[in-house]
Structure formats: C-alpha cells, structure tokens
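Peer 1: Any chance you could fold what I've pasted below:
(one chain, ligands or ions: 1)
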Amino acid sequence: MAKAAIMGFGTVGGGVYGIMDDSRSRVSLSAGEPIDVKYILDIRDFPDHPRKELFTKDFNDILNDGEITVVAEVMGGLHPAYEFTRALLESGKSVVTSNKELVATYGTELLSIAREKNVNYFFEASVGGGIPVIRPMHQCLTANNIIKIAGILNGTTNYILNEMITKGKSFEDALSDAQKMGYAERNPAADIEGHDACRKIAILSSLASGKFVDYNDIPTEGITEITLDDVHYATQLGCVIKLIGYARFLENGRVFSIVAPMLIDKSCPLAGVNGVMNAIMITGDSVGDVMFYGAGAGQLPTASAVVADMIDAVKHTERSKKIFWEKPDGDITASEEDEKFAYFIRTGDSAEAVRAAFKDCRFVENAVAEESAFVTRPLTKTEVNDGVSRLSSVISRIRVFG
Ligand code: HSE
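Peer 2: Numbering: from 1, shown residues only. Below is the predicted model of the structure:
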C-alpha cells in the first residue's frame with residue numbers, strides 16, 4: 001500500500017480527498033496498489049471532518065514520514081508551496097500539483113531536482129483543469145516540433161464572457177457566480193487581468209520548446225476593458241470574443257507568446273468553447289492540428305487530474321519520467337514585431353480619418369452613432385501603433401485571431 005499526503009484542503013484539496021476516498025478501488029486498480037491518504041496539511045481546523053485525525057498543521061509530519069511517497073500540493077501561491085515542494089523532492093518524495101504559479105515560476109528548478117532524485121514532479125492539473133494536455137504533449141506529441149499553441153486557458157474569464165453574451169449579465173455578477181462555483185482564483189484579478197492564462201501559456205511554451213519561457217516576458221491583457229458594444233460588433237463580424245493564450249515557435253528557436261482578448265471567427269473550433277470549458281489547439285510539424293477540450297476549472301475536474309498524477313507517481317516510484325525544460329543560454333523571447341495580427345478598432349474619428357491612418361481596412365456597418373469601427377490588415381505592433389497615433393481617439397482595439 002502506498003501512502004500519500006495532501007497539502008491544502010481548499011476547493012481542489014477537498015476534491016482530491018473526495019475522489020481518493022470515493023474511488024478507492026478504481027485508484028487501487030489503476031495504481032497497482034491501494035493509495036492511502038495519511039495526512040492532510042492545512043492551517044485551518046476541520047473538527048467535523050469524519051477523518052479529522054488525518055489533519056496536521058505541521059509540514060514536518062509529512063516531510064519526515066518515510067512511508068509517504070507521493071504528496072499532492074494543492075495549496076496554491078508561491079510560498080510556502082515552493083519551499084515545501086523543494087524539500088519533499090529533495091527528500092525523495094514525488095510531488096504532484098495544480099499550482100500553475102509555482103510551476104511557471106520555479107518549474108525549471110523543481111523539475112531538475114525531481115530528475116536528480118529520481119522522483120517525479122507532475123503538474124497535469126496546472127493547465128486546463130481536468131483536460132489531459134501536459135501528458136499528451138510530453139508523451140504522445142513528443143515526435144513533433146511544436147509550431148503553434150492557441151487556447152482558451154482560463155475558465156473564469158470564458159465563463160464571464162459567455163454569461164455576458166448569452167444572458168446579458170453584468171461583468172460583476174458573472175464574476176461573482178464564477179467565484180461561487182469555485183472557478184476563480186483567490187484573487188480574481190489573476191483571472192480577469194490575464195495573469196492565470198499567462199502562467200499557463202508559459203508552462204505550455206516551456207514544455208513545447210524545452211526551454212524556460214518566463215511569464216514576465218509575455219505581453220498580457222485581460223478582459224476588463226471588453227464591453228457589450230465590443231461583443232455586439234464581434235457578432236456583426238461573425239465572431240466571438242475570447243481570452244486567448246497564444247504561442248508560436250520560430251525556426252530560429254525563439255518563442256512568441258501572448259495573452260489577449262481576441263475576435264475569433266465562428267467557424268474556428270475555439271469559438272464554440274463556452275462557459276468554464278477550456279480548449280487547447282496544438283500544431284505539430286508531423287501531426288498537424290490537434291485539439292484538447294474539457295472543463296478548465298472546478299473542484300472535481302481539477303482534482304481528477306491531480307489524482308491521476310498521484311496514481312502515475314505511485315506507478316513510477318523510483319523512476320523519473322524526465323519531464324523537464326532548461327534555462328536557455330540567452331533570451332529566447334521573440335519580439336512583438338515578429339508576429340502580425342489584424343486588429344478590430346473603434347474610434348470617434350470619421351471614416352476619412354481612418355482611411356488616412358490605415359490604408360487597407362474593412363469597415364463594420366451599423367457602427368454605434370458617432371463612431372467608426374473597422375478591421376485592419378495584419379499589422380505588427382509598431383504598424384498598428386503608428387496608425388492609432390494618427391487617430392484622435394480610440395475606443396477599443398482588439399486583436400483578431402487567425
Ligand atoms: N481560475 C482558474 C480558471 C482555475 O478559471 O481557469 C483553473 O486553473
């Protein structure tokens with residue numbers, strides 16, 4: 001029998017314990033032996049929990065217990081999750097996590113310690129909640145050079161946009177519902193300002209390139225500036241607006257990544273991804289396009305990925321699966337000048353002024369009174385900034401995907 005611990009008894013931790021308890025025989029069958037949760041670490045008290053004897057506030061109980069071989073870190077945040085994870089890996093225990101902030105920040109070091117100690121650091125739940133994407137990328141797509149990744153990587157923002165569009169809910173009400181359903185981060189700014197999606201595209205970019213892509217280098221915009229007028233224009237253009245995490249891997253080894261709201265044509269599979277669902281499209285040089293779809297947030301979907309990692313860790317005790325990326329020798333960030341996007345722009349200026357600023361552009365009919373709305377040809381950042389600087393006002397500027 002393998003012994004495990006769970007660090008953090010919040011939304012995901014509760015789900016992990018629930019699945020481990022409810023699906024004992026399924027877990028045992030998959031792992032080849034039963035997995036027994038011996039400790040749950042949390043600073044709070046849970047006096048009414050039926051297994052209250054499992055709870056501890058002392059991390060050393062887990063670290064110093066030689067029976068524990070796998071630990072689920074579902075506490076979130078960087079500290080003390082980083083120090084705990086490092087100590088556990090160094091002591092020869094495998095760690096699995098849903099903590100994208102930790103993986104995106106300290107993944108290079110933690111994965112290297114896991115490799116050195118011949119244990120595993122798995123993080124399937126850190127991107128796309130319950131969607132299998134890390135393992136397929138590492139295993140099934142490993143024969144490919146990845147060319148491009150584009151995904152809806154944040155359930156909260158996708159849920160908010162969808163509720164605004166389909167039910168006319170206000171931004172605040174939709175966010176509050178996402179929080180009640182356990183989708184949103186403790187600080188929802190991480191969701192709505194795009195930082196959560198940014199960490200996820202950084203993880204996928206690092207995994208795909210084999211080199212650490214620093215999320216601090218990824219231009220990131222959230223959805224807080226998107227209005228219902230923008231949504232209506234998108235509809236007129238046969239598009240929807242989604243928060244997209246995008247990465248393109250250049251032949252010179254550089255990586256262009258970005259997180260931003262984008263207009264997506266309704267014919268694109270990403271356009272039909274609604275509510276808390278996430279989807280990730282990956283283009284490989286041999287396989288072509290593949291797409292992963294499913295619940296991107298929520299207690300049980302995320303816990304499902306964490307428990308699968310625990311099972312895999314038990315199956316691979318004393319055998320590191322060598323998932324890793326390395327610190328690059330130099331800067332591998334591609335400039336925003338390396339990528340062109342068409343832009344949807346709204347301005348208070350006349351159509352004539354728009355034509356003078358942007359040579360080729362397509363106007364949207366039935367614009368809101370006293371404004372012009374148009375879509376540019378694909379432009380670099382400098383080119384669009386140059387055009388915009390010739391206008392006297394800009395109401396919205398949203399990239400067009402594809
Ligand atoms: N807040 C995150 C989301 C949770 O909404 O996608 C899952 O990572």
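
Peer 1: Could you use CA atoms for every contact and neighbour count after this?
Peer 2: Noted.

Peer 1: now the helices for the stretch 251-400 of the chain?
Peer 2: For the stretch 251-400 of the chain, the helices defined by DSSP state H, counting those that start in this stretch cover 299-315, 351-357, 381-389.

Peer 1: Identify, out of those, the most deeply packed stretch.
Peer 2: Comparing the helices of the stretch 251-400 of the chain by mean neighbour count (mean count of other C-alpha atoms under 10 Å), helix 299-315 ranks first with a mean of 23.

Peer 1: Which strands and helices lie in contact with that helix?
Peer 2: In terms of contacts (3 or more C-alpha pairs under 8 Å, 6 or more residues apart in numbering; DSSP states H and E), helix 299-315 is packed against helix 11-22, helix 24-31, strand 68-73, strand 94-97.

Peer 1: hang on, the earlier thing: take the helices of the stretch 251-400 of the chain and write them to a markdown table, including mean pLDDT and distance to residue 16.
Peer 2: As requested, these are exported to a markdown table (pLDDT from 0 to 100; distance: least, C-alpha to C-alpha, whole Å):
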| stretch | mean pLDDT | distance to residue 16 |
| --- | --- | --- |
| helix 299-315 | 98 | 5 |
| helix 351-357 | 97 | 55 |
| helix 381-389 | 98 | 44 |
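
Peer 1: I figured residue 264 hits residue 237, correct?
Peer 2: No. Residue 264 is not in contact with residue 237 according to C-alpha atoms under 8 Å; the separation is 9.5 Å.

Peer 1: returning to that earlier point: closest to the ligand out of the helices and strands packed on helix 299-315?
Peer 2: helix 11-22 (9.7 Å; C-alpha to the nearest ligand atom).

Peer 1: Report the buried residues of that closest one.
Peer 2: 11, 12, 13, 14, 15, 16, 17, 19, 20 (16 or more other C-alpha atoms under 10 Å).

Peer 1: Just the C-alpha atoms of it, please, in CSV.
Peer 2: Output in CSV follows, covering the C-alpha atoms of helix 11-22 (Å, rounded to 0.1, in the frame of the first residue of the first chain):
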residue,chain,number,x,y,z
THR,A,11,-11.6,23.6,-3.3
VAL,A,12,-9.1,21.3,-5.1
GLY,A,13,-7.8,19.6,-2.0
GLY,A,14,-11.3,18.7,-0.9
GLY,A,15,-11.9,17.3,-4.4
VAL,A,16,-8.7,15.2,-4.3
TYR,A,17,-9.6,13.7,-0.9
GLY,A,18,-13.1,13.1,-2.1
ILE,A,19,-12.0,11.2,-5.2
MET,A,20,-9.3,9.2,-3.3
ASP,A,21,-12.0,8.2,-0.7
ASP,A,22,-14.9,7.6,-3.0
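
Peer 1: Per the annotation, how does the chain divide into domains?
Peer 2: Per automatic domain parsing, the domain ranges recorded for the chain read 2-130+299-315, 136-295, 340-400.

Peer 1: so which of these gets nearest the ligand?
Peer 2: Closest among the domains of the chain, using C-alpha to the nearest ligand atom: domain 136-295, at 3.4 Å.

Peer 1: That closest one: end-to-end distance?
Peer 2: Domain 136-295 has an end-to-end distance of 17 Å (C-alpha to C-alpha, to the nearest Å).

Peer 1: Bridging across strands, which residues link to the closest residue to residue 335 other than its chain neighbours?
Peer 2: Once flanking residues are discounted, residue 335 sits nearest to residue 256: 6.8 Å by C-alpha to C-alpha, 6 or more residues apart in numbering. Counting by DSSP bridges, residue 256 is bridged to residue 248.
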